[in-house]
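Peer 1: just the structure for this:
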Amino acid sequence: MTFASYFDYTGALGGPAAPPSAEFLAALDGEEWLRLLGYCTMLRLMAGDVVLPAGSASRVLHLVADGQLESVAPDGESISLPAGAVFGELTFLDGLPAPAEVRALSEAEVFCLSFEAFSVMGAREPNLARLVLLDLGRLLAARLRHQRAGR
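Peer 2: Residues are numbered from 1 along each chain as shown. Coordinates of the predicted model:
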């Protein structure tokens, strides 16, 4: 079974703040996805459900498996989060409050990787954990470069 279709979102990572080629963990094969998802929990959402309140310091990395979500910043700017999008990575990495609220626009399924589960994965499967961290770093660096280029 392959999970590539869940995380194939080239160009759909968030409007103007994201580069068009930021696919998360594109190099993982089906077996590696299964191992990674084994450390995740599945969250099923209804339209209108808030999955990540602004200001939350919950250290959870979220991967949209199905449905449509929206990230809304305090200034009202919104970013679409379709299937394949990753969110919560800033708080996951630094433990500081989330800068925006994320809510479901439709029924949705989200894989949630808690920092604690990631720590267990890191002890059991350090190469997989390293790939996750390096790809999160790559995504964040690409977003920063894209934002700077837009100035």
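Peer 1: can you check which helix is longest in this protein?
Peer 2: In the chain, taking DSSP state H as the definition, the longest helix is helix 126-149.
Peer 1: tell me what that helix is packed against?
Peer 2: helix 30-37, helix 89-94, helix 115-124 (3 or more C-beta pairs under 8 Å, 6 or more residues apart in numbering; DSSP states H and E). C-betas here are computed from N, CA, C, even on glycine.
Peer 1: the lowest-mean-pLDDT helix or strand in the chain: which residues count as buried?
Peer 2: Within the chain, no helix or strand scores below helix 126-149, which has a mean of 91 by mean pLDDT, DSSP states H and E. For helix 126-149, burial by neighbour count (16 or more other C-beta atoms under 10 Å) applies to 128-129, 131-132, 135-136, 139, 142-143, 146.
Peer 1: which two among the residues you listed are spaced furthest apart?
Peer 2: Leu128 and His146 (27.0 Å; C-beta to C-beta).
Peer 1: what distance do you get for Thr145 to Phe24?
Peer 2: Wrong residue type there; residue 145 is Arg, not Thr. Distance, Arg145 to Phe24, using C-beta to C-beta, to the nearest Å: 17 Å.
Peer 1: Ala27: what's it in contact with?
Peer 2: Leu131 (C-beta atoms under 8 Å, 6 or more residues apart in numbering).
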